[in-house]
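Peer 1: coords please:
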Amino acid sequence: MAHGVSRLRLQIGYAMRSPPLAIGPNSLARGLSTGLTGILGLILPGTANPFFGEYHDVLYQTASRAGVALITAGSGGHADTERGLIDDLARRNVDGIVAVSA
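Peer 2: Numbering: from 1, shown residues only. Reported below is the predicted structural model:
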C-alpha cells in the first residue's frame, strides 16, 4: 500500500509542476452562435512536388493569422479519393475546402 501512495504522490507532484493548459474561448460553442467552425480543409494530390509543400505552408500561415485551423489531406492524385475527401470534409462542416488537383 505504501508503494501505491508514493506513486500517487509522485503523480500529483508531476501534475502540479506541469505547465497550465491554455484555456480560451470554446470554438465549438462559438460555432453554434456563428455557424462557423473556424476550420478550412485542404486537399493536395501529394507531397512529392515541392510546389504543394510551399502552397500548404503559405495557406497554413495565412489561415493561422486569421485564427483558422487547417486540416490537410492527400488524395494521391486520384479523383475518386479526392471526391471522398471532399465529402468527408463537408460532413465535418468545415468552413471551406481548397482542393488542388494535379
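Peer 1: Return the backbone torsion pair for the residue nearest the centre of the chain.
Peer 2: With distances taken as Cα atoms, centre = their mean, Ile71 lies nearest the centre of the chain, 4.8 Å away. Dihedral pair for Ile71: phi -100, psi 120, per degrees, to the nearest 10.
Peer 1: Run through the residues that contact the residue lying closest to it once chain neighbours are set aside.
Peer 2: Nearest non-adjacent residue to Ile71, counting by Cβ to Cβ, 6 or more residues apart in numbering: Gly41, 5.0 Å away. The C-beta positions use only the backbone N, C-alpha and C, and glycine is treated the same way. Listed by Cβ atoms under 8 Å, 6 or more residues apart in numbering, the contact set of Gly41 reads Leu70, Ile71, Thr72, Ala73, Leu85, Ile86, Leu89, Arg92, Val94, Gly96, Ile97, Val98.
Peer 1: before we move on, back to that, got the contact list for the residue nearest to the centre of the chain?
Peer 2: Residues near Ile71 by Cβ under 8 Å, 6+ apart: Ile39, Leu40, Gly41, Leu42, Leu89, Arg92, Val94.
Peer 1: these two touch, right, Gly46 and His56?
Peer 2: No: in this structure Gly46 lies outside contact range of His56 using Cβ atoms under 8 Å: 11.2 Å.
Peer 1: what about those two, which has more around it?
Peer 2: Taking other Cβ atoms under 10 Å, Gly46 and His56 do not tie; His56 has more neighbours (17 against 14).
Peer 1: and that one, that's in a helix?
Peer 2: Yes: using DSSP: H, G, I helix; E, B strand; the rest coil, the assignment for His56 is a helix.
Peer 1: pLDDT value on it, please?
Peer 2: pLDDT recorded at His56 is 92.
Peer 1: Use 156 as the first number from now on
Peer 2: Got it, the first residue is 156 from now on, which makes the last one we talked about His211.
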